[in-house]
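1. task: produce atomic coordinates for the following.
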Amino acid sequence: MKGGKIIPHQYNAAISAKTTRDFETKLRMNFIVGRDAALKHAEGYVLIDDGISADSYDIGEDNSQKFTFWKLRYAEKSINFWVEYGDFQYEPPAGYQIHYLSKIDILNANDLNETDFACYLGLNL
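-> I've put the predicted structure just below:
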């Protein structure tokens with residue numbers, strides 16, 4: 001993996017997902033952080049939508065949209081998430097798991113052995 005990148009990933013070994021619907025409803029999101037060796041920095045993006053609707057990018061009467069395009073950044077021992085495009089409050093259909101975060105793996109992180117991480121995501125950031 002190239003240093004300086006964050007990649008969204010869904011681990012499929014235990015569930016054996018075969019269809020798009022399986023990936024949306026049975027697997028949660030994971031992020032792999034490949035820190036740049038010199039700068040200890042990484043960035044990436046993830047798109048969350050229902051994977052089906054043709055109108056996901058239309059703007060509703062209430063200014064809502066049916067997707068969220070997140071930017072992720074790791075720097076200074078912190079991981080930040082913010083909405084680059086779309087609707088911060090978008091919720092995929094009932095039963096979907098893709099918008100839940102399961103795990104964050106940080107590569108090239110030997111210097112972080114003594115570091116505790118905490119993550120908070122909410123409307124009142």
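
2. any chance you could list what contacts the helix or strand where Trp82 lies?
-> Counting by DSSP states H and E, the element that carries Trp82 is strand 78-86. Strand 78-86 is contacted from outside by 31, 33, 45, 65, 67-74, 104, 117, 119, 121, using CB atoms under 8 Å, 6 or more residues apart in numbering. All C-beta spots, glycine's among them, are computed from the backbone N, C-alpha and C.

3. what packs against the very next helix or strand once past that strand?
-> On the C-terminal side of strand 78-86, the nearest following helix or strand under DSSP H and E is strand 101-107. Judged by 3 or more CB pairs under 8 Å, 6 or more residues apart in numbering; DSSP states H and E, strand 101-107 is in contact with strand 29-34.

4. just to revisit the earlier point, in strands, which of the contacts of strand 78-86 appear?
-> 31, 33, 45, 67-74, 104 (DSSP state E).

5. how close does the spatially most central residue of the chain sit to Phe67?
-> Nearest to the geometric centre of the chain sits Val46, at 5.0 Å (CA atoms, centre = their mean). Taking CB to CB, to the nearest Å as the measure, Val46 falls 11 Å from Phe67.

6. now swap in Asn113 and tell me
-> Distance, Asn113 to Phe67, using CB to CB: 38 Å.

7. tell me which of these two has more neighbours.
-> Applying other CB atoms under 10 Å to Asn113 and Phe67 shows that Phe67 carries more neighbours, namely 17 against 6.

8. excluding chain neighbours, what is closest to the more buried one?
-> With sequence-adjacent residues excluded and distances taken as CB to CB, 6 or more residues apart in numbering, Phe67 is closest to Asp49, at 3.7 Å.

9. repeat for Tyr45
-> Distance criterion CB to CB, 6+ apart; nearest residue to Tyr45, sequence neighbours excluded, is Lys71 at 5.6 Å.

10. I'm done for today, thanks for sticking with me.
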